[in-house]
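Trainee: Predicted model and sequence follow; I will ask about them next.
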Amino acid sequence: MTGTVDTGSPVATLLEPVTVAGMPLRSRIVMAPMTRNRAPGGVPTPEAADYYRRRAEQGIGLVVTEGVLVDHPSAGHEDTVPRLTPGPAEAGWRRVVEAVHAVGGRIAAQLWHLGSLREPVDGRPAWTPSGVAEPGRPAGRAMTLADADELLAAYTTAARAAGRVGFDAVEIHAAHGYLLDEFLWPYTNRRTDRYGGSPARRAAFRPRSCARCARSSRRTAR
């Protein structure tokens, strides 16, 4: 961070290096993800690379990107939210990662699926655990087990792409009423299969292997 901090101040601890899950960070400060809606066609621009570089060069230990939609039609509806798909989007994120690494920073991709908060702008209903949406939202499509497997595969595919691009980690958005969060609550999850019922069963729908896939892909890419 710019400026000086009294070494006796509690804030000074935030500026100390730390290792998290085997990843060394130059400080304990993490930049939280913030949706920006500045990726035309889902592709991060050169301006995005500059945006993340400017944050990283201030000494932030880990930058977490804005939400990146997994590659599935049900994931989101806005075409200015970034994706992580082969081609231009992947190349755009590679520019971002390289810019952050160039100033000594670390960066994680936040993987995202909107669940019932996806607008049905293209005639496709939102995919939800049980067809029950958040209050005030239109009812969505109740996911089948095959749908669940399809989305878990989409998360894994996105994590592998993050590894190819060079991201240091992936972070899974599982809060704020989005899809993974909707699986956790009895109001929105009324399933009777392995993903419904008890809290443990409701929490069973999660992309368990994303981090491992990302690490494996990075090793392969190198």
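Mentor: Okay, I see it.

Trainee: isn't Met31 right up against Val63?
Mentor: Yes. Assessed by Cβ atoms under 8 Å, Met31 is found in contact with Val63 at 4.6 Å. Any C-beta I mention is one placed from the backbone N, CA and C, and that applies to glycine too.

Trainee: okay, and the common contacts of the two?
Mentor: Listed contacts common to Met31 and Val63 are Arg55; contacts here mean Cβ atoms under 8 Å, 6 or more residues apart in numbering.

Trainee: Could you point out the longest strand of the chain?
Mentor: With secondary structure taken from DSSP state E, the chain has its longest strand at strand 62-69.

Trainee: Could I get the average pLDDT for it?
Mentor: Computed over strand 62-69, the mean pLDDT rounds to 98.

Trainee: Report the buried residues of the following helix or strand past that strand.
Mentor: For strand 62-69, the following helix or strand on the C-terminal side (DSSP states H and E) is helix 88-102. With burial defined by 16 or more other Cβ atoms under 10 Å, the residues of helix 88-102 counted as buried are 89-90, 92-97, 99-100.

Trainee: For Asp71, see how far away Ala159 is.
Mentor: Distance, Ala159 to Asp71, using Cβ to Cβ, to the nearest Å: 11 Å.

Trainee: Which one's more surrounded, those two?
Mentor: When Ala159 and Asp71 are compared for neighbours, Ala159 comes out ahead with 27 against 18, by other Cβ atoms under 10 Å.

Trainee: can you give me the angle the helix or strand in which the more buried one is found makes with helix 88-102?
Mentor: Following DSSP H and E, the helix or strand that holds Ala159 is helix 145-165. If you take axes from the mean of the first three to the mean of the last three Cα atoms, to 10 degrees, helix 145-165 sits at 50 degrees to helix 88-102.

Trainee: angle of helix 145-165 against strand 62-69?
Mentor: 140 degrees.

Trainee: need the next SSE after helix 145-165, C-terminal direction.
Mentor: Next along from helix 145-165, by DSSP H and E: strand 169-172.

Trainee: Can you tell me the strand partners of that following strand and which way each runs?
Mentor: strand 107-112 (parallel) (DSSP bridges).

Trainee: how about the CA coordinates for the partner strand, as CSV?
Mentor: Extracted C-alpha coordinates of strand 107-112, given in CSV (Å, rounded to 0.1, in the frame of the first residue of the first chain):
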residue,chain,number,x,y,z
ILE,A,107,-5.7,-13.0,-8.6
ALA,A,108,-8.6,-15.4,-8.2
ALA,A,109,-11.5,-15.8,-10.5
GLN,A,110,-15.0,-15.7,-8.9
LEU,A,111,-17.3,-18.3,-10.6
TRP,A,112,-20.9,-17.3,-10.7
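
Trainee: List the buried residues in it.
Mentor: Residues 107-112 are the ones in strand 107-112 that count as buried (16+ other Cβ under 10 Å).
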